[in-house]
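Chemist: No letters, just coordinates:
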């Protein structure tokens, strides 16, 4: 029983070191008006934009403007955005050394008239009252310099998306400050920041060449002494990712995750390694012929699975069965992470939305 006890003693605390609790926004209430410009970088987003723009239009809290920066789309992104009330900015050609998203956000911020900027990815959308909850949460802090970032709740409709389980948990643990060993950074899908703070730290121009511009921008904001608050998006801001299939999902995680590991805090990285090691060891010991205390290992396996259920359901619509069969999404995570590491070692790029990143 020593080995199962050791696995439980390592795995369960390591999971809580990564995520203890994911706080969310409060219920929608009446609030003071804010001068808010919403900036949406968009490249071939004709399928996603209507859902996001209609969710904004349904909110009580109306922004001063919605700016959709059309990044050389070849579909109907621009006319759809105009038809739904957004102001479309046609992006200038991408300069050398910039990522497309950073360039689009930079142009949108320069054109914005609001005192505060809310950057949103096009595949996100507010649930009923979501934008109001976001504004109320920000106002409640009574800190005009506060930078607020939400991790959108992953609303899944296809079974293959369940394989994203460990990517979402580790992303939340690494950037959200939701655990015992991490500080809040930023999530790339949403960012609420005062225009004054944004330009004072250099904005997206200062992180123009980084794939994970959010983490590098968080470092600049933190160095300026500005407080960052990260929250979960459940009940406020959701996202519908990877509708084009498993290939799109794999490419997305491939381009991002090895960069995330490279800039992660060492304690977060160590906790993640311990947690994943305990998860793998427990699963393997459960099926090897030699008996290491099979009943004890089975109990630890069940406890780790239940911990995953608790963590995952704060982040997305993950099924109980997905968490119970966690070796499957864990194997997918390790395979994609290995692919990403190999590409980085070989200096090979990943193609994302028609561009190499």
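Modeler: Structure's in. What do you need? Remember, predicted model here, so these are calculated numbers, not experimental data.

Chemist: List the residues that contact residue 108.
Modeler: Shown in contact with residue 108 (Cβ atoms under 8 Å, 6 or more residues apart in numbering): 37, 39, 40, 41, 67, 69, 89, 117, 119. C-beta: built from backbone N, CA, C; applies to glycine.

Chemist: mind redoing it with 10 Å?
Modeler: Contact analysis of residue 108 by Cβ atoms under 10 Å, 6 or more residues apart in numbering lists 37-41, 65, 67-69, 87, 89, 91, 117, 119, 204.

Chemist: how near is it to residue 62?
Modeler: Taking Cβ to Cβ, to the nearest Å as the measure, residue 108 falls 18 Å from residue 62.

Chemist: And residue 107, by the same measure?
Modeler: 23 Å.

Chemist: ok, these two, which is more surrounded?
Modeler: More crowded of residue 107 and residue 62, by other Cβ atoms under 10 Å: residue 107, with 20 against 14.

Chemist: so which helix or strand takes in residue 307?
Modeler: Assigning secondary structure by DSSP states H and E places residue 307 in helix 294-312.

Chemist: to the chain's geometric centre, what's the distance from that helix?
Modeler: Relative to its chain's centre, helix 294-312 lies at 25 Å (Cα atoms, centre = their mean, to the nearest Å).

Chemist: Now the element after it, going C-ward?
Modeler: helix 320-324.

Chemist: Now do that following helix: everything it contacts.
Modeler: 156, 159, 161-165, 301-302, 304-313, 316, 328-329.

Chemist: Around residue 337, how many other residues sit close by?
Modeler: Neighbour tally, residue 337, other Cβ under 10 Å: 20.

Chemist: Is it part of a helix or strand, or is it coil?
Modeler: helix (DSSP: H, G, I helix; E, B strand; the rest coil).

Chemist: where exactly do the strands run in the stretch 51-200 of the chain?
Modeler: 65-70, 87-90, 116-120, 124-126, 147-151, 153-154, 190-194 (DSSP state E, counting those that start in this stretch).

Chemist: Save those as TSV, and put in mean pLDDT too.
Modeler: Shown next, in TSV, are the strands of the stretch 51-200 of the chain (pLDDT from 0 to 100):
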stretch	mean pLDDT
strand 65-70	97
strand 87-90	97
strand 116-120	97
strand 124-126	96
strand 147-151	96
strand 153-154	95
strand 190-194	96
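
Chemist: Check those for me and report the most buried one.
Modeler: The highest mean neighbour count among these, using mean count of other Cβ atoms under 10 Å, belongs to strand 147-151: a mean of 27.

Chemist: Now do it and strand 116-120, the angle between them.
Modeler: 20 degrees (axes from the mean of the first three to the mean of the last three Cα atoms, to 10 degrees).

Chemist: Strand 147-151 versus strand 190-194: what angle between them?
Modeler: Going by the same axes, to 10 degrees, strand 147-151 makes 170 degrees with strand 190-194.

Chemist: Strand 147-151: how far from the chain's middle?
Modeler: Using Cα atoms, centre = their mean, the offset of strand 147-151 from its chain centre is 10 Å.

Chemist: again, but for stretch 64-73
Modeler: 21 Å.

Chemist: do the same with stretch 237-255
Modeler: For stretch 237-255, the distance to the chain centre is 12 Å (Cα atoms, centre = their mean).

Chemist: got the buried residues for that stretch?
Modeler: By neighbour count with 16 or more other Cβ atoms under 10 Å, stretch 237-255 contains the buried residues 237-242, 249-255.

Chemist: got it, and stretch 329-345?
Modeler: 329, 330, 332, 333, 336, 337, 339, 340, 344.

Chemist: Need the nearest residue in space to the fifth one, chain neighbours excluded.
Modeler: Same thing as residue 336. residue 253 (5.0 Å; Cβ to Cβ, 6 or more residues apart in numbering).

Chemist: can you tell me the average pLDDT over the helix or strand where the one you found lies?
Modeler: Taking DSSP H and E as the definition, residue 253 sits inside helix 246-262. Here helix 246-262 scores 77 as its mean pLDDT.

Chemist: Could you shift the numbering so residue one becomes 731, and keep it that way?
Modeler: New numbering, starting at 731: the last item is helix 976-992.

Chemist: Next secondary structure after that helix?
Modeler: Downstream of helix 976-992 (by DSSP H and E), the next one is helix 996-1017.

Chemist: helices and strands around that following helix, which ones?
Modeler: helix 732-748, helix 895-905, helix 976-992, helix 1024-1042, helix 1057-1075 (3 or more Cβ pairs under 10 Å, 6 or more residues apart in numbering; DSSP states H and E).

Chemist: Next, the angle from it to helix 895-905.
Modeler: 150 degrees.

Chemist: mind showing which ranges of this protein have poor pLDDT?
Modeler: For the chain, residues meeting the criterion pLDDT under 70 lie at 758-763, 986-992, 1079-1087.

Chemist: Relative to residue 898, how far out is the closest residue in space to residue 899 that isn't next to it in sequence?
Modeler: Of all residues not flanking residue 899 in the chain, residue 1041 sits nearest, at 5.5 Å (Cβ to Cβ, 6+ apart). According to Cβ to Cβ, residue 1041 stands 9 Å off from residue 898.
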